[in-house]
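# sequence-free structure coming up:
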DNA sequence: CCGGCCGCAAACATCCGATGAATCCCGCTA
DNA sequence: TAGCGGGATTCATCGGATGTTTGCGGCCGG
C-alpha cells in the first residue's frame, strides 16, 4: 500500500528524529494531512493505527498527543496479540513466562524494598481456598506484578503483565479451583514472599520456577 | 471513543469466537460496515489499525483476510515499539534479552538438528574482522535467529528477533567495529556453535550469557 | 482440447465536504 | 475575584464520488 502507510512511517520518523517528543501535541488533522500530502480520511486511518498500539493519544475536541512512549507500550501491543492466541498456543507462551518470571524474581530479590514486601503480604490477606475466582485472579495478578515491579525493569514488568493476561489467568484459576489446588498455590505464594523477605535470591528463583512449572504441567495435562 | 473502537472489539471477538478463522476473508467493506452499523470510513480506520499489528491483511482489489495469527504477530507489534525506544532505554531492553537469550540457547542445545548446525556454521563463512558492518550485522542476526528457531518456540523466536532489531544492532556493531572487538565477538560465536554441536547445554548457556553481557557492558560504558 | 489474451466486475484506495460533539479558553458579569 | 457563558478549535462520523488493482470467466487461436 502507500499513502496511509507512508503517513505512519513519517509520523514514526518524526518521533525518532525527536521532532515530536512525548507529550507533544500534533498539528490538527487538517494541517497535518496537508503537510504530509494526503487527505484527512487517510491520515485518520494512520492515526487510528498508531492509537491502537498506544503511540498516540487522541482526545476528542482537544487534539492528538504523543503518549509517554514508555515501556507500557509493550504491554498494550503484546497483550492484544496474546489475547488472540489463547487456547491455541498457550503452552508456548507459558514457556516464555517460565523463563522470564524466575529471572525477574531473582533480580527482584536483591532490590525489593520493605514497603513492597508489605504490599506483597497485603495481597494475601483474606485470601484462602474459599475465595471466589474473581478475587483469586486479582490477587495472583497483583502478587506477580509487585515482584516484577520490584525488579526495576519496566519492560520486564510490561511483558510479564501481558503474558499473564487476566483472561488467560482466569481460565487457569477456574481450572485449578475445580482441582482443589488453590491452597497449594497460595502456600507457594507465601513461600516466595518469605524467601524474598530474606533476600535469598537463589531460593526465590527456584520457588518461582517450581510455582510456574506447576501451573504449566497442570495446564499441559488439562489440555 | 466509540464507533471505531467498538468495531475493533467486534472484529476481535469474531476472531476469538471462531466466527472468523485464520485465512478467512472478511465481507466487503460496505457490507461489513452495514452489519456493524457504522460508516465505511470508520470501519476502514478499524481495519487499518488491525492491519498495522498484522491481524488483518488487506489486499487491494481482492479483499481483506485474517492473517495466520501465529507468533509472528508478536514480532511486528514488539518491533515497532522497540524501534521507538532506541537510545532511550536500550539498557533495559538489553536486560530482557540477557534473560531470554541464554535460556533460549539452553533449550536449543538439546533440540538443534545437524542441518541447523550446518546452517549455523555457514553464517560464519567468509566473515572476519575485515567484513563491512552491513554484513556483520546480517551475520549476527542470522546466527542468533538460527539458535532461537532451534529452540522450537515461535514466540521466543519472535520476541528475540524484535528485541534485537536491526537498527539497534547496527549501531552496536558500528561501535564494536571501531573498538576492534569484532574478532573477539566472532570467536564467541564459534565457541557457542561448538558447544551446541556437542550438546553441552550448560556450557551453551554460559557462553551466551557471557556473549550478551559483553555487548551489554560495552554498551553501558559507551553511553 | 488446451492455453493465452481481453475485458468486466468486485473490492480496496483515496479524496472531499458537511454536520455533529466535546473541549478549551477568553471575556463578561455579578 | 470567582463563576458563567459562548465562540473557536478540534476530533468523530458519515455518505458519496472516482481511481486502481486484482480475480475470474469467457472468447479466440493453435
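Structure received. The structure displayed is predicted, hence computed values, not measured ones.

# For DNA strand C, what's the nearest residue on chain A?
Nearest to DNA strand C in chain A, going by Cβ to the nearest atom of the strand, is residue A:61, at a distance of 2.4 Å. (Each C-beta comes from the backbone N, C-alpha and C, glycine too.)

# For burial, what's the neighbour tally of that residue?
Neighbour count of residue A:61, defined by other Cβ atoms under 10 Å in any protein chain shown: 4.

# now do residue A:195
Around residue A:195 there are 20 residues (other Cβ under 10 Å).

# That one: which element?
Per DSSP states H and E: residue A:195 is located in helix A:182-198.

# Contacts for that helix next, please.
A:105, A:108-109, A:112, A:117, A:120-121, A:124, A:127-129, A:131, A:136, A:140, A:143, A:147, A:150, A:176, A:203-204, A:207-208, A:210-211, A:214-215 (Cβ atoms under 8 Å, 6 or more residues apart in numbering or on different chains).

# Residue A:80 - nearest residue in space that isn't next to it in sequence?
Distances taken as Cβ to Cβ, 6 or more residues apart in numbering or on different chains put residue B:53 closest to residue A:80, at 6.5 Å, once the chain neighbours are dropped.

# can I assume the one you found is in contact with residue A:82?
No. Proximity of residue B:53 to residue A:82 does not meet the contact threshold set by Cβ atoms under 8 Å, at 11.9 Å.

# What are the buried residues along the top helix by length along chain A?
Across chain A, the helix with the greatest residue count (assigned by DSSP state H) is helix A:201-222. Across helix A:201-222, burial judged by 16 or more other Cβ atoms under 10 Å in any protein chain shown covers A:201, A:203-209, A:211-212, A:215-216, A:218-219.

# do stretch A:150-169 as well
Buried residues in stretch A:150-169, counted by 16+ other Cβ under 10 Å: A:150-151, A:153-165, A:168-169.

# Ok, stretch A:138-151 next?
Buried, per 16+ other Cβ under 10 Å, within stretch A:138-151: A:138-141, A:143-151.

# How far off centre is it?
11 Å (Cα atoms, centre = their mean, to the nearest Å).

# quick one: least confident helix or strand in chain A?
helix A:166-178 (a mean of 80; mean pLDDT, DSSP states H and E).

# How about that helix and chain B, touching?
No. Using Cβ under 8 Å from any Cβ of the partner chain, helix A:166-178 stays clear of chain B, coming no nearer than 9.2 Å.

# That helix vs helix A:201-222, what angle?
Between helix A:166-178 and helix A:201-222, the angle comes out at 80 degrees (axes from the mean of the first three to the mean of the last three Cα atoms, to 10 degrees).

# just checking, what packs against helix A:166-178?
helix A:133-150, helix A:201-222 (3 or more Cβ pairs under 8 Å, 6 or more residues apart in numbering or on different chains; DSSP states H and E).

# if we compare the ones you listed, which one ends up closest to residue B:45?
Minimum separation from residue B:45 across these (Cβ to Cβ) falls at helix A:133-150, 31.6 Å.

# which other helices and strands contact the closest one?
Packing contacts for helix A:133-150, counted by 3+ Cβ pairs under 8 Å, 6+ apart, involve helix A:90-109, helix A:114-124, helix A:154-163, helix A:166-178, helix A:182-198.

# Can you report how many residues lie near residue A:92?
The number of residues packed near residue A:92 is 17, by other Cβ under 10 Å.

# and the gap between it and DNA strand D?
32 Å (Cβ to the nearest atom of the strand, to the nearest Å).

# Is it correct that that residue is in contact with residue B:154?
Yes. Assessed by Cβ under 8 Å, residue A:92 is found in contact with residue B:154 at 6.4 Å.

# overlap in contacts of these two?
With Cβ under 8 Å, 6+ apart as the test, residue A:92 and residue B:154 both reach residue B:71.

# Next, see if stretch A:111-130 gets close to chain B.
No. Contact of stretch A:111-130 with chain B (Cβ under 8 Å from any Cβ) is absent, the minimum separation being 12.4 Å.

# Buried ones in that stretch, by neighbour count?
Buried residues in stretch A:111-130, counted by 16+ other Cβ under 10 Å: A:112, A:116, A:117, A:119, A:120, A:123, A:127.

# And for the residue lying closest to the third one once chain neighbours are set aside, the neighbour number?
Put plainly, it is residue A:117. Excluding the flanking residues, the one nearest residue A:117 by Cβ to Cβ, 6+ apart is residue A:197, at 5.4 Å. When neighbours are counted by other Cβ under 10 Å, residue A:197 registers 16.
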